[in-house]
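In: Have a look; sequence and predicted model below, questions after that.
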Amino acid sequence: MTFTDDEIAYLRSQPLARFATLSEDGEQPDVVPLAFEFDGTQFWVGGVGASVLATRKFRNIRAGRRKVALVVDDTVSFDPFIARGVRVYGEAEDPIERVGMVGPGIYARVTPKVSWSWNMAGEPAGETWYPSRRAVHGEA
């Protein structure tokens, strides 16, 4: 299964994600807001300068803690209440040098394994919360 056209359009329209990695002791998730790229299949996170390798997210990934999560969401309106988003569980690869969203730098590729999306149509919330669409990636 893959992302739908609506999910791809949404992910490409959003500038920020919340990105979580697992800490050194494996006990505490660490989450940071960051800019990301989405190529329609995979995500890229990173930035410019050698100091990006010293960030906690890259230290965690480079230490072999490859399971990551990211959430891209927004609130369209408070009255009526309209929210939408995509949550992804994935696997990160070691950072590489490449030209990315902010120019030449160091970026890690994240391959989605499972994703959930809700309210890609941007409808107001009703009496129940938005149903989610679950997709397992890499399967036919």
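Out: Alright, I've got the coordinates.

In: Would you mark the buried spots in the helix ranked longest in the chain?
Out: Assignment by DSSP state H gives helix 5-13 as the longest helix of the chain. By neighbour count with 16 or more other CB atoms under 10 Å, helix 5-13 contains the buried residues 7-8, 10-11. In this view, the C-beta of every residue, glycine as well, is placed from N, C-alpha and C.

In: Which parts of this structure are helices?
Out: 5-13, 56-62.

In: Which one of the ones you listed lies nearest to residue 116?
Out: For these, the distance to residue 116 is smallest for helix 5-13, at 10.2 Å, taking CB to CB.

In: now for that closest one, which elements pack on it?
Out: strand 29-38, strand 81-92, strand 103-118 (3 or more CB pairs under 8 Å, 6 or more residues apart in numbering; DSSP states H and E).

In: Okay, angle between the helix or strand of the chain with the lowest mean pLDDT and strand 103-118 too, please.
Out: Of all helical and strand segments in the chain, the minimum by mean pLDDT, DSSP states H and E falls on strand 96-100, at a mean of 91. Using axes from the mean of the first three to the mean of the last three CA atoms, to 10 degrees, the inter-axis angle of strand 96-100 relative to strand 103-118 is 80 degrees.
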